[in-house]
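Asks: what follows is a predicted protein model with its sequence.
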Amino acid sequence: MNFPNDLKYTVDHEWVRVEGTIGTVGITEHATGELGDIVYIDIPNAEAEVKFGESFGTIEAVKTVAEMCSPVSGKLIEVNLALNDAPETVNADPYGAGWIAKSNYQIYLN
């Protein structure tokens, strides 16, 4: 399993990559393995407010539907619209092209 050192992780297998004042959020490779083949991702539009520890969307896989809990509080400034047409990108590249959203954030992880 791959767990990049430049990320911060939640116990629920979400991650955040901090770059300046932007936090990029996704789910871990472990989470994708547990979920199986991802077929749909439901996330709010950019400009939505997210709160640390609260649901900010769902991931639908062949096996199940799972909520994503935000590792940050802030306003979404960008969502990965490419996932609408290719949600399987999260399985293939969870730490790269499979990112889910970007936020101007207040981080709460250790």
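Replies: Nice, thanks for sending it over. Residues are numbered from 1 along each chain as shown.

Asks: for the one residue sitting closest to the centre of the chain, helix, strand, or coil?
Replies: Nearest to the mean C-alpha position of the chain, counting by C-alpha atoms, centre = their mean, stands Gly26 at 2.4 Å. Three-state call for Gly26 (DSSP: H, G, I helix; E, B strand; the rest coil): strand.

Asks: pLDDT score for it?
Replies: Note for Gly26: predicted pLDDT of 96.

Asks: grab the nearest non-local neighbour of it.
Replies: Nearest residue to Gly26, sequence neighbours excluded (C-beta to C-beta, 6 or more residues apart in numbering): Trp99, at 4.5 Å. Heads up, the C-betas are built off the backbone N, CA and C, glycines and all.

Asks: next one: the closest residue to Ile100 other than its chain neighbours from Ala101, what distance?
Replies: Nearest residue to Ile100, sequence neighbours excluded (C-beta to C-beta, 6+ apart): Gly26, at 5.0 Å. Distance from Gly26 to Ala101, counting by C-beta to C-beta, to the nearest Å: 8 Å.

Asks: which strands or helices does the helix or strand bottoming out on mean pLDDT in the chain pack on?
Replies: Within the chain, no helix or strand scores below strand 101-107, which has a mean of 83 by mean pLDDT, DSSP states H and E. With contacts taken as 3 or more C-beta pairs under 8 Å, 6 or more residues apart in numbering; DSSP states H and E, strand 101-107 sits against strand 14-19, strand 22-27, strand 72-79.

Asks: what angle do the longest one and strand 14-19 make?
Replies: Strand 72-79 and strand 14-19 meet at an angle of 80 degrees, taking axes from the mean of the first three to the mean of the last three C-alpha atoms, to 10 degrees as the criterion.

Asks: hang on, the earlier thing: the least confident helix or strand of the chain: which residues count as buried?
Replies: Neighbour-count burial for strand 101-107, counted by 16 or more other C-beta atoms under 10 Å, picks out Ala101, Lys102, Ser103, Tyr105.

Asks: swap in stretch 11-30?
Replies: For stretch 11-30, burial by neighbour count (16+ other C-beta under 10 Å) applies to His13, Glu14, Trp15, Val16, Arg17, Gly23, Thr24, Val25, Gly26, Ile27, Thr28, Glu29.

Asks: no further queries at this time; thank you.
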